[in-house]
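K.L.:
Need the 3D shape of this:
(2 chains)
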2 protein chains.
Amino acid sequence: MDSKNISQAVIGRLPRYYRYLGDLKDEGVERISSSELSELMRVTASQIRQDFNNFGGFGQQGYGYNVEYLYNEIGNILGLNEAHHLIIVGAGNLGRALTNYSNYENRGFIFEGIFDADKALIGRKIGDLTVLPMEDLEDFIISRNIDIVVIAIPKTGAVSVADRAVKCGIKAIWNFAHTDLNVPEDVVVENVHLSDSLMKLSYMLTQ
Amino acid sequence: MDSKNISQAVIGRLPRYYRYLGDLKDEGVERISSSELSELMRVTASQIRQDFNNFGGFGQQGYGYNVEYLYNEIGNILGLNEAHHLIIVGAGNLGRALTNYSNYENRGFIFEGIFDADKALIGRKIGDLTVLPMEDLEDFIISRNIDIVVIAIPKTGAVSVADRAVKCGIKAIWNFAHTDLNVPEDVVVENVHLSDSLMKLSYMLTQ
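P.N.:
Numbering: from 1, shown residues only, chains lettered A, B, ... in the order given. Coordinates of the predicted model:
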């Protein structure tokens, strides 16, 4: 199955399918029909079938999909069958929250290091990690084969951190800074602009 | 201008315009053309004009838009001209990060309280706030006219907190729990599913 031409909208929905299927799997559900999944997820069954047809349909047979098979297949498409090695830049509350955030590790996201520019934080323990100085960034990225950099610092420092990471060959940035990063085309950036999200809520509340 | 029928896609872009215009305003820029804004934001000038036409076009004249006027107009559409009163449920790292996160207050988002089920955290200071026990939730929401509840706890407790908030008349939930909330239709939920975002990054990295 060639997933090169899948629309962003479909991709955007895959993690949600994966989340629901993971919950079903944990509850011991073995099979589910597209109409049951539709009811649970509050999307139409035809949307689900269309989405899945992008990947060959995942072999719905008889009365539904095999939950574990579907969960694993979507996981593979999402690249969760390979381990990803991450570092976090920014050891403030947000960086700490991300380090501790639920069970990333089960899904192959391994936090290898956390960095901060604040000398007072260097050497502090955050979970299993020790806060490292920014000077070590390049060496660490290269020697540990880091493939994702998480930016959890204010916008003033974010652009320069992204530049440094990209120069070391980083191809993926998870950006929490309140700014857009201008990176080369082959680098992917997933932005989590918290204020933007809060403003959308404010808009909807106002209507 | 009637903004009732504006598409979700346009609404989703408004906070980003607002962010860029705020930066321009802070830099002292008074006017900007749609082509300059286009280059800065990396969207087409025709997209910008189309988006703005949903709101009457914001009176582009001569060589461009008045930055401060446009910033204020978009802010009004986003409901940022009225104060919003928020509480956070969950005083862990994420809740703390959200409390401290940049300058919400300038945009009228006022954090009034933070709650946690963990007895050991009750009474602790987080910025200007003191962690309150969950038993106080309903009284606090009603007596302080809270209009947004931020859920920053694991998914197991999230659904019941949402139910309690909705019963007190809350119409907006900013949800960080790793689950979807089933709330009545007149309650708006803005989800920030961090794992979903990370999985999208993993997908893009895999391609």
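
K.L.:
and the longest strand for chain A?
P.N.:
strand A:109-116 (DSSP state E).

K.L.:
Tell me how far stretch A:94-113 lies from the chain's centre.
P.N.:
Mean-position distance between stretch A:94-113 and its chain equals 10 Å (Cα atoms, centre = their mean, to the nearest Å).

K.L.:
Show me what it is in contact with.
P.N.:
A:75, A:80-89, A:114, A:116, A:126-127, A:129, A:132, A:140, A:144, A:146, A:148, A:150, A:152-153, A:176, B:92-94, B:96-97, B:101, B:154, B:178, B:194-195, B:198-199, B:202 (Cβ atoms under 8 Å, 6 or more residues apart in numbering or on different chains). Backbone N, C-alpha and C define where each C-beta goes, glycine included.

K.L.:
Give me the next element, helix or strand, following the lengthiest helix in chain A.
P.N.:
Longest helix in chain A by number of residues (criterion: DSSP state H): helix A:8-26. Following helix A:8-26 in sequence order, the next helix or strand is strand A:31-32 (DSSP states H and E).

K.L.:
now that next one: mean pLDDT?
P.N.:
Taken as a whole, strand A:31-32 carries a mean pLDDT of 93.

K.L.:
Quick check: neighbours of it in the sheet, parallel or antiparallel?
P.N.:
strand A:65-66 (antiparallel) (DSSP bridges).

K.L.:
Run through who's touching the strand it pairs with.
P.N.:
By Cβ under 8 Å, 6+ apart, strand A:65-66 touches A:Glu30, A:Arg31, A:Ile32, A:Ser33, A:Ser34, A:Leu37, A:Phe58, A:Gly59.

K.L.:
Recalculate using a threshold of 6 Å.
P.N.:
Taking contacts as Cβ atoms under 6 Å, 6 or more residues apart in numbering or on different chains, the residues outside strand A:65-66 that touch it are A:Arg31, A:Ile32, A:Phe58.

K.L.:
can you list the residues of chain A near chain B?
P.N.:
With Cβ under 6 Å from any Cβ of the partner chain as the criterion, chain A meets chain B at residues A:11, A:15, A:78-79, A:84, A:93-94, A:96-97, A:100, A:102, A:172, A:174, A:178, A:188, A:190, A:192, A:196-197, A:199-206.

K.L.:
Report the buried members of these.
P.N.:
A:11, A:15, A:78-79, A:84, A:93-94, A:96-97, A:172, A:174, A:178, A:188, A:190, A:192, A:196-197, A:199-206 (16 or more other Cβ atoms under 10 Å in any protein chain shown).

K.L.:
follow-up on the earlier one: buried ones in the longest strand of chain A, by neighbour count?
P.N.:
A:Phe109, A:Phe111, A:Glu112, A:Gly113, A:Ile114, A:Phe115, A:Asp116.

K.L.:
any idea how far A:Val188 is from B:Arg13?
P.N.:
20 Å (Cβ to Cβ, to the nearest Å).

K.L.:
how far is the next helix or strand after the longest strand of chain A from where the chain is centred?
P.N.:
The helix or strand immediately downstream of strand A:109-116 is strand A:125-126, counting by DSSP H and E. Relative to its chain's centre, strand A:125-126 lies at 22 Å (Cα atoms, centre = their mean).

K.L.:
Can you list the neighbours in contact with strand A:125-126?
P.N.:
Here strand A:125-126 makes contact (Cβ under 6 Å, 6+ apart) with A:Arg96, A:Thr99, A:Ile114.

K.L.:
Could you export the contacts of strand A:65-66 to TSV, including columns for neighbour count?
P.N.:
Listed next are those as TSV, based on neighbours: other Cβ atoms under 10 Å in any protein chain shown:
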residue	neighbour count
A:Arg31	17
A:Ile32	20
A:Phe58	17
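
K.L.:
That'll do, ta.
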